[in-house]
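J.: curious how this folds, go ahead:
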Amino acid sequence: MIVVAWLLVGGVIWLAMANWLRNQETPAVQVSERAGEIVLRRNRAGHFQAPGEINGVPVTFLVDTGATGVALSSSVARRVGARPGRAVRSQTARGETISYLTRLDRVSLGNMSAHDVGGSIVPEMTEDAVLLGMSFLSRFDITMSEGVLRLHAPDALPAARPDL
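T.: So this is what the prediction gives:
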C-alpha cells in the first residue's frame, strides 16, 4: 500500500511539473479588455509565441521583427492554401536559401487581423511554427518592455496636421 501511495504521489507531481513546463514554453496570447490591443509575454526560450490563424487555419506564430514577411514551411503553406510564387534568395538564421513569395489573404493574431499580407514559403523550414514578420507587424504600433510585447491597432483617424 505504501509503495502504491508513493507511486500516486510521484505521478501527480510529474503531471503537475509537465503542465507547468508546457505553460512556460508556450504562453497563450493575452487579449486585453480594450479592443485593439494584444499583449504577449516572452517564453522561457526568449521568444514571443502565440496561436493565430492564416486564411482561417490555426497556426502557431513566433514573432520575428527581423523577418521581412511571414515565413511558412511547405507543409504549413499547403494547410493554409498559400501558393508559391516567384523564387527568391532569402537570408535566414541558417544561411542563404531559396524561398517562394506568396500572398496571404488574412493573417490573424488575437483580435487583430490584416489582409493581403506578404509572405514566403521556405522549403527548408521544418518547423510548423510560422515566423510572424514585419509584413504583418508593421501594420500595428509595437512596444516592448521587460519581456512583454504589445501590439496596438493604429488610430482609425490620422491626427490632424497643422498647415505650415
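J.: tell me where the chain has helices.
T.: In the chain, the segments counted as helices under DSSP state H are 2-25, 74-80, 134-137.
J.: quick one: average confidence on the first one?
T.: So the one you mean is helix 2-25. Summarised as a single mean, pLDDT over helix 2-25 is 70.
J.: could we number from 43 for the rest of this?
T.: Sure, I'll start numbering at 43, so the last one becomes helix 44-67.
J.: start and end of stretch 115-130, how far apart?
T.: Start-to-end span of stretch 115-130 (CA to CA, to the nearest Å) is 15 Å.
J.: over to stretch 114-129?
T.: Taking CA to CA as the measure, stretch 114-129 stretches 14 Å from start to finish.
J.: can you give me the buried ones in that stretch?
T.: Using 16 or more other CB atoms under 10 Å as the test for burial, stretch 114-129 gives Leu114, Ser115, Ser116, Val118, Ala119, Arg121, Val122, Ala124. In short, each C-beta sits where N, CA and C put it, glycine included.
J.: ok, so of the residues you listed, who is nearest Ala87?
T.: Minimum distance to Ala87 across these is 18.7 Å, recorded for Ser115 (CB to CB).
J.: what's near enough to touch the closest one?
T.: Applying CB atoms under 8 Å, 6 or more residues apart in numbering to Ser115 gives the contacts Ile163, Val164, Pro165, Met167, Thr168, Glu169, Asp170, Val172.
J.: Throw the buried residues of stretch 114-129 into TSV and include distance to Asn97, thanks.
T.: Below are these laid out as TSV (distance: CB to CB, whole Å):
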residue	distance to Asn97
Leu114	11
Ser115	15
Ser116	16
Val118	11
Ala119	10
Arg121	9
Val122	5
Ala124	7
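J.: now those residues in CSV, with distance to Leu193 and pLDDT?
T.: Below are those laid out as CSV (distance: CB to CB, whole Å; pLDDT from 0 to 100):
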residue, distance to Leu193, pLDDT
Leu114, 20, 94
Ser115, 24, 92
Ser116, 28, 92
Val118, 22, 94
Ala119, 24, 94
Arg121, 24, 93
Val122, 21, 94
Ala124, 22, 93
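J.: which one of these sits closest to Ser155?
T.: Ser155 lies nearest to Val122 out of those, by CB to CB, at 14.1 Å.
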